[in-house]
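Undergrad: coords please:
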Amino acid sequence: MVIADVRVKIEKTYPPFVASFGVGGGSWIGDRWYVLGTVNDANGTLTEEFDFFEGGAEFFSQAEVGWSPSKDERYLKNGNLTFWHVDERDDAGIEGAEGVLFSANWTFNETWMPFFRAGWSDGSAPIYNRSLTLGAIRKFAFRSDLSGLGVNWGDPPDDSLDEQITVEAFHRFQIAQNLAVTTSLQFLVDTRTMTKSGSSVCAHESRTDGTMRLRRGCLTGRLDVC
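TA: Numbers count the residues shown, from 1 in each chain. As a prediction, this is how the structure comes out:
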């Protein structure tokens, strides 16, 4: 069961990164608990030059401890706690930040998967300092289609900006084993780019993640070639 289609699940109390060079590792402790950690270049960018540590020794690091009823179910039934820290980036003029994130999801009968995420951070680097996400995904036996609904509340670090609520619904049409088309509808209330209360039917974004994404009005579509 794939669980990566609801974009409100993306944790926004993390500082945003495009790509970076780093190292990581992890290990199971027994059959149910695991630990992992990573250290990355905090100034990494996705360019043709692949510059490493261009801003010097400024790192993003995180450590995670998690639990799952079994190793085979680690993606379907999981709870984890993550601690992270990012150094101050002098050249970019971005202060250091740190935070903690709790995430959990549980799949019932390989059909329904509710998910929950709560994050807290300190500093202006992340999009939000506080974030809460609730939602559920349903898998259909016919063609392995997926439908999902997610709701996110976020509190940005800038006091002049309002708190934001984002609602997203999607359906993924599994056309073939390696081909899927996803349609997504998003609604935002008190968007973080507004200083006064307002609403928007959908968000605007630019992504280069290996998929073709079509957007018109409030309806978004995505063609995934696996």
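
Undergrad: residue 59: how many residues sit nearby?
TA: Residues near residue 59, counting by other Cβ atoms under 10 Å, number 17. (Glycine included, C-beta is placed from N, CA and C.)

Undergrad: scratch that, residue 70 is what I was asking about
TA: If we define neighbours as other Cβ under 10 Å, then residue 70 has 10 of them.

Undergrad: return the helix or strand encompassing residue 174 as CSV; C-alpha atoms alone will do.
TA: Using DSSP states H and E, residue 174 falls within strand 164-176. Provided in CSV are the C-alpha atoms of strand 164-176 (Å, rounded to 0.1, in the frame of the first residue of the first chain):
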residue,chain,number,x,y,z
GLN,A,164,-3.1,28.1,8.0
ILE,A,165,-5.4,25.2,7.5
THR,A,166,-4.9,23.0,4.4
VAL,A,167,-7.3,20.3,3.3
GLU,A,168,-6.4,17.9,0.5
ALA,A,169,-8.3,15.1,-1.2
PHE,A,170,-6.8,12.8,-3.9
HIS,A,171,-7.5,9.8,-6.0
ARG,A,172,-4.8,7.7,-7.7
PHE,A,173,-5.9,5.8,-10.7
GLN,A,174,-3.6,2.7,-11.1
ILE,A,175,-3.7,2.3,-14.9
ALA,A,176,-0.9,-0.3,-15.1
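
Undergrad: what lines up beside that strand in the sheet?
TA: Here strand 164-176 is paired, per DSSP bridges, with strand 146-155 (antiparallel), strand 179-189 (antiparallel).

Undergrad: okay, those strands, which one's buried deepest?
TA: Among these, strand 146-155 has the highest mean neighbour count (mean count of other Cβ atoms under 10 Å), at a mean of 20.

Undergrad: hey, C-alpha coordinates of that one in CSV?
TA: Extracted C-alpha coordinates of strand 146-155, given in CSV (Å, rounded to 0.1, in the frame of the first residue of the first chain):
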residue,chain,number,x,y,z
LEU,A,146,-6.0,4.8,-3.7
SER,A,147,-8.1,7.6,-2.3
GLY,A,148,-7.1,9.8,0.6
LEU,A,149,-8.1,12.9,2.6
GLY,A,150,-5.8,14.9,4.8
VAL,A,151,-6.1,18.0,7.0
ASN,A,152,-3.2,20.1,8.2
TRP,A,153,-3.0,23.0,10.7
GLY,A,154,0.2,25.1,10.8
ASP,A,155,1.5,28.1,12.7
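
Undergrad: can you give me how far that strand is from the chain middle?
TA: In terms of Cα atoms, centre = their mean, to the nearest Å, the centre of strand 146-155 is found 11 Å from the chain centre.

Undergrad: stretch 122-129 now?
TA: The chain centroid and the centroid of stretch 122-129 are separated by 15 Å, computed with Cα atoms, centre = their mean.

Undergrad: figure out the length between the terminal residues of it.
TA: With Cα to Cα, to the nearest Å as the measure, stretch 122-129 spans 6 Å from end to end.

Undergrad: buried residues in the strand holding residue 174?
TA: With burial defined by 16 or more other Cβ atoms under 10 Å, the residues of strand 164-176 counted as buried are 164-166, 168-172, 174.
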